[in-house]
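Participant: my questions are about this predicted structure, shown below with the sequence.
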Amino acid sequence: MAEQEQFLRHAMESYGGAVYRLALCRMQNVEDAEDVYQDVFLRLLSEQRQDWKGEHMKAWLLRATLNRCADIYRFRLRRPVLALDEVPELAGPVDSGAAELWDAVARLPEKQRTVMHLHYAEGYQTEEIAVMLNVPPATVRTRLHRARLALKNLLGGIDDEKQVSEPDRAYSSARQPY
């Protein structure tokens, strides 16, 4: 039992943040993200895969998170609920500096939100995301491109096409190719 506890504790410490952030990105509320987090790690414990190494475990956890989020989404389609944050008197204060960005990201379609999170927050390359989502890498790049354009439009970005399409030299040398 101590071995299982140590395994689970290591997985939660190492990858818990990534699982929670992805769940929050997909579910769009803290309570559901916490439920997904708990369900994913309980499922990991039942898998009994203690021979997994770093990136394999992280990929499995993120895939399990995506699957659990999809399960909850399908359940909600059949049984709609009213979230507590939708009730005005129960809604908490929002950080005004980040509110506009998070509102814009939340308005993106789910597929675009997911690839944005996996690429920017978790640091996955498009090929890795493609494997996780079971889509071609070109589809991931298209979703990223469309999400960036949508965010630009939602946030009132620069209309000058030259500035948008030509990256800064300092930035481009640090970027890795797709």
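Facilitator: All right, it came through fine. Numbering: from 1, shown residues only.
Participant: okay, CA-based contacts and neighbour counts for the rest of this
Facilitator: Noted.
Participant: where does the protein dip in pLDDT?
Facilitator: Applying pLDDT under 70 to the chain flags residues 1, 48-51, 80-99, 101-102, 158-178.
Participant: which residues of it fall in helices?
Facilitator: Secondary structure of the chain by DSSP state H: the helices cover 2-27, 30-47, 54-78, 96-107, 110-116, 126-133, 137-155, 161-165, 169-174.
Participant: which non-adjacent residue is nearest the spatially most central residue of the chain?
Facilitator: The chain has Leu22 as the residue nearest its centroid, 3.1 Å off, counting by C-alpha atoms, centre = their mean. Excluding the flanking residues, the one nearest Leu22 by C-alpha to C-alpha, 6 or more residues apart in numbering is His117, at 6.7 Å.
Participant: and what of Glu110?
Facilitator: Among residues not flanking Glu110 along the chain, Arg26 sits closest, at 6.9 Å (C-alpha to C-alpha, 6+ apart).
Participant: so what's the closest residue to Leu154 other than its chain neighbours up against?
Facilitator: Excluding the flanking residues, the one nearest Leu154 by C-alpha to C-alpha, 6+ apart is Ala104, at 6.1 Å. For Ala104, the contact set (C-alpha atoms under 8 Å, 6 or more residues apart in numbering) comprises 151, 154-155.
Participant: from Met12, how far out is Ala104?
Facilitator: As judged by C-alpha to C-alpha, to the nearest Å, Ala104 and Met12 stand 30 Å apart.
Participant: which residues touch Tyr124?
Facilitator: Contacts of Tyr124 (C-alpha under 8 Å, 6+ apart): Leu118.
Participant: correct me, but Tyr37 touches Thr65?
Facilitator: Yes - if you go by C-alpha atoms under 8 Å, Tyr37 and Thr65 touch, sitting 7.4 Å apart.
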